[in-house]
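In: task: produce atomic coordinates for the following.
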Amino acid sequence: MSDYVVAIDQGTTSTRAIVFDRTGSIISVGQKEHEQIMPQAGWVEHDAAEIWQNVQEVIGIALGRADLTRHDVASIGITNQRETTVVWNRKTGEPVYNAIVWQDTRTQDIVDRLAADGGTDRFKPVVGLPLTTYFSGSKIAWILENVEGARAAAEAGDLLFGTTDSWVVWNLTGGPDGGKHLTDVTNASRTLFMDLETLEWREDILEAFGVPLSMMPEIKSSSEIYGYAEDSSLLRETPISGILGDQQAATFGQAAFGAGESKNTYGTGCFLIFNTGEDIVHSQNGLLTTVGYKLGDGPAHYALEGSIAVTGSLIQWLRDQLGIIQTAPEVEELAASVPDNGGVYIVPAFSGLFAPYWRPDARGAIVGLTRYANKGHIARAALEAVAFQTRDVLDAVNADAGVDLTELRVDGGMVANNELMQFQADVLGVPVVRPVVAETTALGAAYAAGLAVGFWKDLGELSENWQEDRRWEPAMEQDEQERQLRLWRRAVTKSMDWVDEDVR
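Out: Now for the predicted structure:
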């Protein structure tokens, strides 16, 4: 009997395969980081071929550590970094260019060109998203406009586009020899090309971007059998039956299935999702409208999302660029070495400011520096920046939803940082709750895959799996909270209006 589900979590900095049992507990993990390629300021790329190689290796690592074979695995779920764009040749399987990562800002000129006719909200009533460099649409257009031969190959029907879920599925199901070219509704909703109501590609919008429809993957639900792993895979003949973009997967893994439920994931970026059920809610406060999930033939469930570009990657910056810590966990100890931030605030607008500001002209800023400030204050300000940005997004959610959240469920790598979680509760003024299984992104993909093959019966069974691990209650006085937020928002204004025709 197959007692396990494997989730492939293709993330921004690494790829993991995680084996889950029926209780949603982790049995084993395989993980490999991939190179972060930054050719110039604002450009972020990945080697898609390296990612596919890592997918195969981490599957072997996870199975080996658990002493399992394909016969023990009921299904495969996939979750992925959204918006990151891969364009490849359907005949050779070779990418025509490196994957352009969601954080990349090189396409601002394309965005500006499209926004000249109708503004940045030109397509928002249909797709739920503003025109920004964040989404896949302008990245595909850039490749077609700048990679030699790409436009002609695309027009001839030889090129395929996909976010990394599509890239993994296509290769896992055969690649050039019959690989399935598809994606799910959650990833499709991040391209700027999918109609939220019909869940189909809009040919008029594709035409505006100059992207042929023939490049686009087939849109599927988040939970159904899409195909089977090919013979060369260690999981050969195992059904691939779940796909969710990483933030939707984390929401699903948190068992936030119903309207009014939410979660916040602390990873490379930070993403707060608020479930609006079967209703499409268009934000008036800088949030995105996106698809939360769709199970088989069931209705689509929608969500409001606040996307923050830089949170965990800010800690990586302290480690890799500044060298003030050797490992990411050291930031908590360094931050705890000082009683407060010493008046220092960091606005990590490395890719501009995302929700709720949407200011591509912003760049990172450290303000409030005096001779008193030391690396402990810098570390503390970095952690606090994560919490402050989340407060900005939560205020927008409360305004759009018309009802205040009473608690925030959290997940992702940074929730192991107790100092951060306490400060988060303090600046939000509501409890912050961490589940026993904090790897909810992979768990959500496993749940979607398992539901499709009957490994789990229904959403009720999944809800019963969720267990609270720890809860942080707000402890900051209101006057101090208001002072901190006032200074933070003043710092945010200092990061704006930086990029113009002379500075990119």
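In: three-state assignment of residue 260?
Out: For residue 260, the assignment made with DSSP: H, G, I helix; E, B strand; the rest coil gives coil.
In: which elements pack onto the lengthiest helix in the chain?
Out: Secondary structure of the chain read by DSSP state H shows that its longest helix is helix 375-401. Secondary-structure packing of helix 375-401 (3 or more CB pairs under 8 Å, 6 or more residues apart in numbering; DSSP states H and E): strand 262-266, strand 270-277, strand 300-308, helix 312-317, helix 330-335, strand 345-347, helix 418-428, helix 478-494. The way it works is simple: take the backbone N, C-alpha and C, and place the C-beta from them, glycine included.
In: winner for burial among the ones you listed?
Out: Greatest average neighbour count among those goes to strand 262-266 (a mean of 27), per mean count of other CB atoms under 10 Å.
In: below-threshold pLDDT in this structure: ranges please.
Out: Applying pLDDT under 70 to the chain picks out residues 1, 501-504.
In: which secondary structure element contains residue 207?
Out: Using DSSP states H and E, residue 207 sits within helix 203-209.
In: buried ones in stretch 43-54?
Out: Buried residues in stretch 43-54, counted by 16 or more other CB atoms under 10 Å: 44, 45, 46, 48, 49, 50, 51, 52, 54.
In: ok, the closest residue in space to residue 430 that isn't next to it in sequence - contacts?
Out: Spatial nearest neighbour of residue 430, excluding adjacent residues (CB to CB, 6 or more residues apart in numbering): residue 407 at 5.5 Å. By CB atoms under 8 Å, 6 or more residues apart in numbering, the residues touching residue 407 are 430, 431, 432, 433.
In: one more time with 7 Å
Out: Going by CB atoms under 7 Å, 6 or more residues apart in numbering, residue 407 touches 430, 431, 433.
In: now do it against residue 413, distance only.
Out: Applying CB to CB, to the nearest Å, the value for residue 407 to residue 413 is 21 Å.
In: cool, and residue 376?
Out: Counting by CB to CB, the gap from residue 376 to residue 413 is 22 Å.
In: what does residue 294 give?
Out: 28 Å.
In: go on, residue 202?
Out: According to CB to CB, residue 202 and residue 413 sit 36 Å apart.
In: now do residue 349
Out: Applying CB to CB to residue 349 and residue 413 gives a distance of 22 Å.
In: more neighbours: the two, which one.
Out: residue 349 (25 against 20; other CB atoms under 10 Å).
In: so that one touches residue 364, yeah?
Out: Yes: in this structure, residue 349 is within contact of residue 364 by CB atoms under 7 Å, at 5.1 Å.
In: list residues touching both of the two?
Out: Between them, residue 349 and residue 364 share these contacting residues under CB under 7 Å, 6+ apart: residue 495.
In: any chance of a ChimeraX selection covering the buried ones in the contacts of residue 407?
Out: Burial among the contacts of residue 407 is assessed by 16+ other CB under 10 Å; the matching ChimeraX selection reads:
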select :430,433
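In: CSV for the contacts of residue 407, including secondary structure and distance to residue 36?
Out: Converted to CSV, those look like this (DSSP: H, G, I helix; E, B strand; the rest coil; distance: CB to CB, whole Å):
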residue, secondary structure, distance to residue 36
430, coil, 34
431, coil, 35
433, strand, 32
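In: which of the contacts of residue 407 sits closest to residue 456?
Out: residue 433 (22.7 Å; CB to CB).
In: surely that closest one and residue 411 touch.
Out: No: here residue 433 does not reach residue 411: they are 9.9 Å apart, not a contact under CB under 7 Å.
In: how about residue 372, what does it touch?
Out: residue 342.
In: oh, that last question was meant for residue 159, not what I typed.
Out: By CB under 7 Å, 6+ apart, the residues touching residue 159 are 87, 89, 90, 96, 150, 153, 215.
In: by neighbours, which of these wins?
Out: residue 87 (27 neighbours).
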